Every structure is written in structure tokens, then in C-alpha cells.
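Visitor: Next comes the sequence, and after it the predicted model I'd like to discuss.
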Amino acid sequence: MRASKLLNRTLFDDPADAETNSHRLLARGGFIRKIASGVYTYSPLMWRTLRKISQIVREEMDEAGGQELMLPIIQPIELWEESGRADAYLTAGIMFNLTDRRGARMCLGPTHEEVITDQVRGTIDSYKQLPVTAYQIQNKYRDEFRPRFGLMRGREFIMKDAYSFDADEGGLDVSYMAMRGAYQAIFNRCGLEYVIVEADSGAIGGSRSEEFMVTADTGEDALLTCAHCGYGANVERAESVLPAGEAGGDALPMHKDPTPGVTTVEALTECCKLPAARMIKTVLLTAVHTDREEDVAVLIRGDQDVNLVKVQNRLACLDLKVADEDAVRRITGAEPGFAGPVGLAGVTILGDLSIEGMTNFLCGANETDHHLLDVNFGRDVEQPETLELREAQAGDTCARCSQGALGSLRGIEVGHVFKLGTKYSEAMKATFTDRDGKGKPFVMGCYGIGVSRIAAAAVEQNHDDKGIVWPVPIAPYEVLVVPMKMNDDSVVQAAEKLYVDLKNAGIEVLLDDRDSRPGPKLKDSELLGFPFRVLCGRSLAEGNVEVDARSEGEKQVVPLGDAVEWLTKAVREAKAAARSGTPMPANA
Ligand code: ATP
Ligand code: MG
């Protein structure tokens, strides 16, 4: 390809809304152009990278036994009513939906469990046709609450989604592990560093679920990992050993003390000279259901924090938010900061395990500027149902091995594997005839990869202050040839010949034949981040060119006649290294 013909333009300035390096660099390089919030055009350069990522995904999916198909993007809402998910998706506002001219309600697919389940129930009758894993690589549509970071969280984005159908749980285990293995191969081949962590199963539901996280400081997900045993989990799901509390001693008489303006645990520690572990926080929440809102209070030890995802899973609600100030006043009859369990009525009360066994604790009095001290369960207030609702924190002891301390890191979720079980097949009456002649629901798994998000994650992990440093396997072109003087025939001819020879050698090469000065050409080459660069310039007088790798920046002088061989070898070795790349899965 010739740069003079390429439909691309690099920009001088960062886009105003770019908060991350990948967004900034992809926009400045002309790879992406926004046409609406979270909706981007992919330039020819970007599309080459996205096709390469898709091809790696496709090869590994096929290798693992997947069959590629294509499901419709536009779907009838009826299917979502059958699965029981229509309300959750519509209430959350994530689903783009419309009514067609006949009055039928349709949506743009945010995901495809319903459609694939419908396809399989219409295609498979017998256990003899199982197992089956089908996948597609296609646009997905989600009206995200906060589209941001360019391709990282778009409203239109490319996903590979795969679905497995088995006769039983044992079969699902095998299908799940095959996909998990394929994912490791895919992320290695894309040249990414990642960890595998346990994940919350969220709205889709199911038993086991793991996420593949590209490690990056700007990642939206908080992760906890144990260096001792390899346990890794998304904070939404992570478990840790509850840090020891403080003995409260034998029950003393309860009393109400004035605590004017003291509304935080920290301030209470000061004012009441009591450690946080001797207090109970009452966290007020609003759970959203299809037909109503529910007031919820979670009791937790003062030195711990509530994990909203765990609470939402327990309540099986569509959405869960921290109660707003008006709701707090309505529920407690007091200003925010003074909520407590004693006398709290008309509210669902849940307790975290951390409150078990606490005596003589401090809590809010449901009266402005007052707290209760020496409160005891059984006598002053009933102890509610307790379960783990606590958010594990960095530094906590790992719950898996009880030895290591959990460390925190941030990640970008690029892939997710789920065991769904029979949730969808039962709801949608998708059954097959088993060996014993009985009808049984399919046992399903689902497996997603953010293809366009991978491109952004790769840039997030591979860039410097000058621009992108594409991993070789997903770079738009492998080699850039730069004639430094367009008015010097010998330079232009040498560059043209090199360009043709490299193409003939099977290298993906871009020739910067634009009639511009060397300075801007070199700046662009750094911004665009092609892995290898050849400069044809002054050293041609001695029969040499200069070559360098974008990741190293060290120029080498190579005889013109050896340049093709040098570059072919460098590209081949870089690809081989990515293929055998050592991943760092936390719990592979
Ligand atoms: P997130 O938690 O980031 O919103 P998710 O858990 O809802 O993602 P899945 O339904 O598991 O996403 O989708 C599979 C994959 O699709 C994700 O692992 C991610 O890589 C990608 N993905 C999800 N949402 C987006 C988006 N808005 N833009 C780009 N990629 C996305
Ligand atoms: Mg996910």
C-alpha cells in the first residue's frame, strides 16, 4: 500500500474527550473517528488490525471445534420475553430497541443467547447431534450508560460470541475448558499480557465464570490476586478471610450519645474513642425491581465495605443503587449519617458475616446528631440474616490458601467465559431427546471476546510518548518504507524496489511515498507504530539503508541488498515469539 493513496489522516491535537492513551493515540493516528458518542468509523488501517485480531480469534475457535455462523443483529423482543431477560435489559436502558412499521418490538442485539438458543432448538433433536459450539464475529449494540475510552467502551463494538450446547454438565466442562484454552492461545497470539480471574456471573447468570483481563493501570476493573496460590478474582466477586475484629465484652446497658455533625466512621473513631471494628455501619440501598423499588439496609462492621454486586445477586434485583439523601431521611427520619438497625422498620435488612458475634457495638440512632453505644443483638435489636456481602480488600488474607495476602491490580476485560447451565434452555423450552428417550434441556456455555476492545487494550499496553507500538501479529502493516528525499531519484527508486521486494517476500508493507519532508514522515511513523521501519536516505550513497524496530528505537545500518532478508527474519521471529508468548494467567 502507498501512503499517498491511503484514506487516513493523522492529527496534531488530542481529541478533547480522550482520557486514555489508547483513545488519544488511535484518534490522533486517524485509526478511529467518532460519529456519535461511543460510535466510531474504523479507518483502513484500523480495519486491517481488527481483521487480523478476528482472524486469530477465528483460527483458534475453529481449532477448538467451533463452527462459525452469523446471527441476525436485529431481534424480536419476544425472544427476550421468553428468556425472561427483556425487563432487565430494558429497565437498565442498555438495549437499543424500536418498533417496526407493523408494530412489532425489536432490538439491536446486545448479546445473542436468545437467538442461538432458538436456532439450536429448531435444529437439534437428539443427543447424537451434541456437543455443538457455534460462534460469530459481529457488531454488538449496547446503549452504555457511560461510553468512553474510544473503542474500550463503545455503543457499537465488535464481539466474538460463542455458545456451547451439551447433553450434561460433564460435557459442558469439556466444552468450557476447550474455549478457555482457545482464549489463552488467542491472547498470547495477540501479544497481550493478561491474567485470568474469577468473575461475577451478573445478569446472564450461571455457575462458573472467568474473565481474561489485560493488565493496565487505566483498566476499569479492579482485581485481587494472590501471589502465594495463584487465586485471582474480580473485586466484584473476590473472597478473602475476614480480618479479626475487636472483642466487645459482656453486654453493657445501651445508651444514646450526642454526636453532633459526626457522620463518618473515621470521625466517630475520633469522637467516641472506639475502633471502627466496634461499630456497625448501616448502608441504605434502593433495589429496583420490575414493578417496584425496595428499601434495603445492609449491616456491616465499621472497618469493612459493602460489595454491591454481592448484595444485588442476593436480592436478584434489576438494579441496585445507594439510597439518595431523601430516601435516607424518609427511611430513618434523620439526616444522612445517623442510620442504624434499632427501630428500623419497613426495610429489608441484611447482615454481612462480619457482624456475627459483635457485642457492645456502636451504630446510628436514626436520630440526627445521635448514635447508640453498647448495642447488643438479641436484646436491643434482632440479628438479621447474615451472608458474605463484604468487599475483599488488598492486604486481606487469601480465602483460597489462607496464607498469601491479596494484591490489587487493574485490568481491561477482553474476554469472558461462562457456564450457563440450563437457564436459557429451560426458560425457552429448548430440549433434545437423551439416550434414555427423555426430553432434556441443553446444558449451555457462552464465551465472549471484545475484538475491538482488544485493539484498544493492545495500544494501552504497548505505546510510548511518541505513539503506538503495535504488537507484530496485529499491526496494520509490518514494515514501513520511508524514502527520505522525494526529489532524489536514487532514493525514490531504491525505496520503490524495496517495497516491491518486501511485498514479494510476503511482508505487509506500507510505502510512505508522500511528497513531504522527512520530519513529519518520521513523526507519523512513530505515531502510527508499525513494528519495523526502513529509512532510505543519506546512507544509500554507501549502499546502505537504516532499519529499526519500533519497540527498540535503535537504528541499524544494513546493506540495501540484505534489507529484505533482515526484515523477513525480524517479522518471522517476532510472530513466533508472540505465538509461544508466556502468559501470566493467575490461575491457569
Ligand atoms: P463490561 O463489564 O466491560 O461492561 P460485560 O461483562 O458486559 O463487559 P460481556 O457481556 O461479557 O461484557 O461481553 C463480552 C466481551 O465484550 C467483554 O469481555 C468485553 O471484552 C467486550 N465488551 C463488552 N462491552 C463492550 C463495550 N461497550 N465496548 C467494547 N467492548 C465491549
Ligand atoms: Mg463480562
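Guide: That came in fine, so what should we check first? Source: prediction; values computed, not measured. Numbering: from 1, shown residues only. Ligands and ions are numbered 1, 2, ... in the order given.

Visitor: List, one by one, the residues from the stretch 101-250 of the chain near ligand 1.
Guide: Contact residues, the stretch 101-250 of the chain versus ligand 1 (CB under 6 Å from any ligand atom): Thr111, Arg142, Glu144, Arg153, Gly154, Phe157, Met159. Where C-beta positions appear, they are placed from N, C-alpha and C, glycine not excepted.

Visitor: in which helix or strand would I find Phe165?
Guide: Element membership of Phe165 [criterion: DSSP states H and E] is strand 156-166.

Visitor: Sheet-wise, list the partners of that strand with their directions.
Guide: As defined by DSSP bridges, the strand partners of strand 156-166 come to strand 132-141 (antiparallel), strand 443-450 (antiparallel).

Visitor: Report the backbone C-alpha coordinates of the very next helix or strand once past it in PDB.
Guide: Moving toward the C-terminus from strand 156-166, the next helix or strand (DSSP H and E) is helix 169-189. What follows is helix 169-189 as a C-alpha-only set of coordinates in PDB (Å, rounded to 0.1, in the frame of the first residue of the first chain):
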ATOM      1  CA  GLU A 169     -22.600 -31.000  33.000                       C
ATOM      2  CA  GLY A 170     -19.700 -33.300  32.200                       C
ATOM      3  CA  GLY A 171     -19.900 -32.300  28.500                       C
ATOM      4  CA  LEU A 172     -20.100 -28.600  29.400                       C
ATOM      5  CA  ASP A 173     -16.900 -29.000  31.500                       C
ATOM      6  CA  VAL A 174     -15.100 -30.200  28.400                       C
ATOM      7  CA  SER A 175     -16.600 -27.500  26.100                       C
ATOM      8  CA  TYR A 176     -15.800 -24.800  28.600                       C
ATOM      9  CA  MET A 177     -12.100 -25.900  29.000                       C
ATOM     10  CA  ALA A 178     -11.700 -26.100  25.200                       C
ATOM     11  CA  MET A 179     -12.900 -22.400  24.900                       C
ATOM     12  CA  ARG A 180     -10.700 -21.400  27.900                       C
ATOM     13  CA  GLY A 181      -7.700 -22.900  26.200                       C
ATOM     14  CA  ALA A 182      -8.500 -21.200  22.900                       C
ATOM     15  CA  TYR A 183      -8.700 -17.900  24.700                       C
ATOM     16  CA  GLN A 184      -5.300 -18.400  26.100                       C
ATOM     17  CA  ALA A 185      -3.900 -19.100  22.700                       C
ATOM     18  CA  ILE A 186      -5.800 -16.000  21.200                       C
ATOM     19  CA  PHE A 187      -4.400 -13.500  23.800                       C
ATOM     20  CA  ASN A 188      -0.900 -14.900  23.500                       C
ATOM     21  CA  ARG A 189      -1.000 -14.600  19.800                       C
END
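
Visitor: And helix 169-189, what's buried?
Guide: Buried residues in helix 169-189, counted by 16 or more other CB atoms under 10 Å: 171-172, 175-176, 178-180, 182-189.

Visitor: If you compare the directions of it and strand 132-141, what angle comes out?
Guide: The directions of helix 169-189 and strand 132-141 differ by 50 degrees, with axes from the mean of the first three to the mean of the last three CA atoms, to 10 degrees as the criterion.

Visitor: chain center to helix 169-189, what's the gap?
Guide: For helix 169-189, the distance from its own C-alpha centre to the chain's C-alpha centre is 18 Å (CA atoms, centre = their mean, to the nearest Å).

Visitor: Just send the strands paired with strand 156-166 back as TSV, with mean neighbour count and mean pLDDT too.
Guide: As requested, the strands paired with strand 156-166 are arranged in TSV below (neighbours: other CB atoms under 10 Å; pLDDT from 0 to 100):
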stretch	mean neighbour count	mean pLDDT
strand 132-141	20	98
strand 443-450	26	98
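
Visitor: will you turn these into JSON lines that also has distance to Ile74?
Guide: Conversion of the strands paired with strand 156-166 to JSON lines gives the following (distance: least, CB to CB, whole Å):
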{"stretch": "strand 132-141", "distance to Ile74": "9"}
{"stretch": "strand 443-450", "distance to Ile74": "19"}
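
Visitor: Of those strands, which is nearest Val492?
Guide: Nearest to Val492, of all the strands paired with strand 156-166, is strand 132-141, at 40.3 Å by CB to CB.

Visitor: Can you pull the domain assignment for this protein?
Guide: Following automatic domain parsing, the chain resolves into domains at 16-192+420-460, 255-387, 472-579.

Visitor: Now those domains in JSON lines, please, with extra columns for distance to Ala216.
Guide: Putting these into JSON lines (distance: least, CB to CB, whole Å) gives the following:
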{"stretch": "domain 16-192+420-460", "distance to Ala216": "5"}
{"stretch": "domain 255-387", "distance to Ala216": "22"}
{"stretch": "domain 472-579", "distance to Ala216": "16"}
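
Visitor: Asp53 and Gly191 touch, don't they?
Guide: I think there's a mix-up here, since residue 53 is Ile and not Asp. No: using CB atoms under 8 Å, Ile53 is not in contact with Gly191, being 10.6 Å away.

Visitor: For these two, list the residues in contact with both.
Guide: Ile474 (CB atoms under 8 Å, 6 or more residues apart in numbering).

Visitor: Relative to ligand 1, how far out is Leu510?
Guide: 27 Å (CB to the nearest ligand atom, to the nearest Å).

Visitor: Next: Asp13.
Guide: Asp13 sits 25 Å away from ligand 1, taking CB to the nearest ligand atom as the criterion.

Visitor: Just the element for Ala495, please.
Guide: With secondary structure defined by DSSP H and E, Ala495 is part of helix 489-504.

Visitor: what's in contact with the following helix or strand past that helix?
Guide: Counting by DSSP H and E, the next helix or strand C-terminal to helix 489-504 is strand 509-511. Here strand 509-511 makes contact (CB under 8 Å, 6+ apart) with 1-3, 6, 476-481, 483, 495-496, 499, 502-503, 530.

Visitor: what do you get for stretch 270-278?
Guide: Contacts of stretch 270-278 from elsewhere in the structure, counted by CB under 8 Å, 6+ apart, are 245-246, 248, 257, 259, 262, 265-266, 268-269, 301-303, 358, 360-362, 371, 373.

Visitor: Helices - which of these land there?
Guide: Secondary structure assignment by DSSP state H places Val265, Glu266, Leu268, Thr269 of the contacts of stretch 270-278 in helices.

Visitor: show me the contacts for the last one.
Guide: It refers to Thr269. The contact partners of Thr269, by CB under 8 Å, 6+ apart, come to Pro275, Ala276.

Visitor: so how far is Val311 from it?
Guide: Shown here: Thr269 relative to Val311, a distance of 25 Å by CB to CB, to the nearest Å.

Visitor: can you check Gly261 too?
Guide: Per CB to CB, Gly261 is found 29 Å from Val311.

Visitor: Please apply the same query to Tyr42.
Guide: 39 Å.

Visitor: okay, the closest residue to ligand 1 within the stretch 51-200 of the chain: pLDDT?
Guide: Per CB to the nearest ligand atom, the residue of the stretch 51-200 of the chain with the smallest distance to ligand 1 is Phe157, at 3.6 Å. Confidence per residue is given as pLDDT, and for Phe157 that number is 98.

Visitor: Now the closest residue in space to it that isn't next to it in sequence: which helix or strand?
Guide: What sits nearest to Phe157 in space, not counting adjacent residues and going by CB to CB, 6 or more residues apart in numbering, is Ser452, at 4.8 Å. Ser452 is part of helix 451-461, with elements assigned from DSSP H and E.
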